[in-house]
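1. the amino acid sequence is not available; the structure is as follows:
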C-alpha cells in the first residue's frame, strides 16, 4: 500500500535549487545530494536530467518512508528555508534542539547539514511511534 509522504510539487520546488542537491536530499538520497552540492548538480547536467527523474524518486520515497501526523513536506520546507533557525525541529516536537539551533545558527551549520542527511528518517521514526 502506497502512502503519500512526499509530493512532486515540493520536489520540483526544491529542484529549482537542485544544483545544491536539495531535491535529492528531500527524496532520501543524501549521497547523491552531497555529490550534487559539491559539483553544482553534476555540472548542471545531472540537475537537468533530474527534471525527468523526479516522478520516479517521488514514488520510491512514498514507498520507503512512513506517513503520520508530522508532514514531510512542511518539515522539508521549514528545513530548507528556516533550518538555521531550528523551526523544522520545533515543528517535529524537538523543542530543545530547535531552540539550540536558533541560538547557534543550526549548531554552526553542522546540525543543519546533519538534518539534510537524516530528516526523512527522523520523520519516519516520529510517525511510526504514533
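-> Yep, it's here. Quick caveat: nothing in here was measured; it's all calculated off a predicted structure.
2. could you chop this protein up by domain?
-> With domains defined by automatic domain parsing, the chain comprises 1-64, 69-130.
3. list the contacts of the residue most central in space within the chain.
-> The centre of the chain sits closest to residue 26, judged by C-alpha atoms, centre = their mean, with a distance of 3.3 Å. Residues in contact with residue 26 (C-beta atoms under 8 Å, 6 or more residues apart in numbering) are 6, 10-11, 14, 61, 76, 120. C-beta: built from backbone N, CA, C; applies to glycine.
4. so where's the chain uncertain?
-> For the chain, the stretches flagged by pLDDT under 70 are 1-2.
5. helices of that one, start to end?
-> Using DSSP state H, the helices found in the chain span residues 8-15, 22-26, 30-43, 45-64, 72-82, 87-91, 95-108, 110-128.
6. any idea which of these is most buried?
-> Neighbour counts (mean count of other C-beta atoms under 10 Å) averaged over each of those peak at helix 22-26, with a mean of 28.
7. tell me how far it is from the chain's mean position?
-> Counting by C-alpha atoms, centre = their mean, to the nearest Å, helix 22-26 is centred 5 Å from the centre of its parent chain.
8. list the contacts of the closest residue to residue 19 other than its chain neighbours.
-> Leaving aside its sequence neighbours, residue 19 sits nearest to residue 41 (C-beta to C-beta, 6 or more residues apart in numbering; 3.8 Å). Residue 41 is in contact with 18-21, 47-48, 50, counting by C-beta under 8 Å, 6+ apart.
9. one more pass at 6 Å, please.
-> 18-19, 47 (C-beta atoms under 6 Å, 6 or more residues apart in numbering).
10. distance of it from residue 20?
-> 8 Å (C-beta to C-beta, to the nearest Å).
11. nothing else from me, thank you.
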